[in-house]
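A.B. asks: The following comprises the amino acid sequence and a computationally predicted model.
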Amino acid sequence: MALSKGCLTAIAVAAAVVFLVLLIGGYLMTTYNSLVKQNESIDNAWAEIDNQLLRRNDLIPNLVSTVEGYATHERELFERIADARARLAGASTVGERMATSNELAGFLGRLLAIAENYPQLKANESFNKMMDELAGTENRINVARKRYNDQVMNYNSTIKRFPVNMLAGMFNFRAREYFEVPEEARAVPRVQFGNTGQN
């Protein structure tokens, strides 16, 4: 028994609708999963920064203690560093940790500039070892910061593009914050300790 022309048309329309629904559903599912993956990649990149910030935070007390032995009149700076360390340890959001870390980086720059005035301190083997550890940690922070900011840039640009922006809004995907280097940290001159090539 042959199907009528109207019946065939209805089947074709139904098949087209089902195909369209599957296509749209597949797109939505793929896009949503991609946003989740990008969001998790940002969290993972932040975790690496956070590990390095904690490592730096752990190195600071010994560094401050060594400098303090030579520059006792810098009590205010030492107290501000201690306060920033405590706030970094107690920060509960990424934004708070970024702001406090940037503040601490500025204080460290000032601490290093002070240390430059004390040749005996620069000759101290323990101080030089701590500076090497701190320099390595700062390098790891910079690499991790770049990786994090690259992830944030990709994610933020994805959620702003049409039609993903509609899906991102529906599922509450919000733009993530970049981890910028503070201006005061850029202005601080780099101080190198240890082997300077001078005899």
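C.D. replies: Perfect, I can see it now. Numbers count the residues shown, from 1 in each chain.

A.B. asks: Show me what counts as buried in stretch 52-63.
C.D. replies: Within stretch 52-63, the residues that count as buried by 16 or more other Cβ atoms under 10 Å are 52-53, 56-57, 59-60, 63. From N, CA and C alone the C-beta is placed, and that goes for glycine too.

A.B. asks: Oops, could you answer that again for stretch 161-181 instead?
C.D. replies: So stretch 161-181, judged by 16+ other Cβ under 10 Å, has buried residues 164, 167-168, 173, 176, 179.

A.B. asks: same question, stretch 23-35
C.D. replies: Buried-residue list, stretch 23-35, by 16+ other Cβ under 10 Å: 31-32, 35.

A.B. asks: now the residues you listed in TSV, with secondary structure?
C.D. replies: Shown next, in TSV, are the buried residues of stretch 23-35 (DSSP: H, G, I helix; E, B strand; the rest coil):
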residue	secondary structure
T31	helix
Y32	helix
L35	helix
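
A.B. asks: which of those residues lies closest to A91?
C.D. replies: Nearest to A91 among those: L35, at 26.2 Å, using Cβ to Cβ.

A.B. asks: pLDDT score assigned to the closest one?
C.D. replies: Note for L35: predicted pLDDT of 95.

A.B. asks: Kindly report the same for T93.
C.D. replies: pLDDT, T93: 89.

A.B. asks: Could you count how many residues lie near T93?
C.D. replies: Residues near T93, counting by other Cβ atoms under 10 Å, number 9.

A.B. asks: so where's this protein uncertain?
C.D. replies: 1-3, 182-199 (pLDDT under 70).

A.B. asks: ranges for the helices of it?
C.D. replies: Secondary structure of the chain (DSSP state H): helices located at 5-70, 75-90, 94-115, 119-122, 125-160, 164-170, 183-187.

A.B. asks: which of those helices sits most buried?
C.D. replies: helix 94-115 (a mean of 19; mean count of other Cβ atoms under 10 Å).

A.B. asks: Counting by contacts, list what that one packs against.
C.D. replies: Judged by 3 or more Cβ pairs under 8 Å, 6 or more residues apart in numbering; DSSP states H and E, the packing partners of helix 94-115 are helix 5-70, helix 75-90, helix 183-187.

A.B. asks: who touches stretch 57-70?
C.D. replies: If you take Cβ atoms under 8 Å, 6 or more residues apart in numbering as the criterion, stretch 57-70 is touched by 74, 78, 81-82, 85, 88-89, 104, 108, 111, 114-115, 118, 120-121, 124, 126-127, 130-131, 133-134, 137.

A.B. asks: redo that, cut-off 10 Å
C.D. replies: Residues from elsewhere that reach stretch 57-70 (Cβ atoms under 10 Å, 6 or more residues apart in numbering): 56, 74-75, 77-78, 81-82, 84-86, 88-89, 100-101, 104, 107-108, 111-112, 114-115, 117-122, 124, 126-127, 129-131, 133-134, 136-137.
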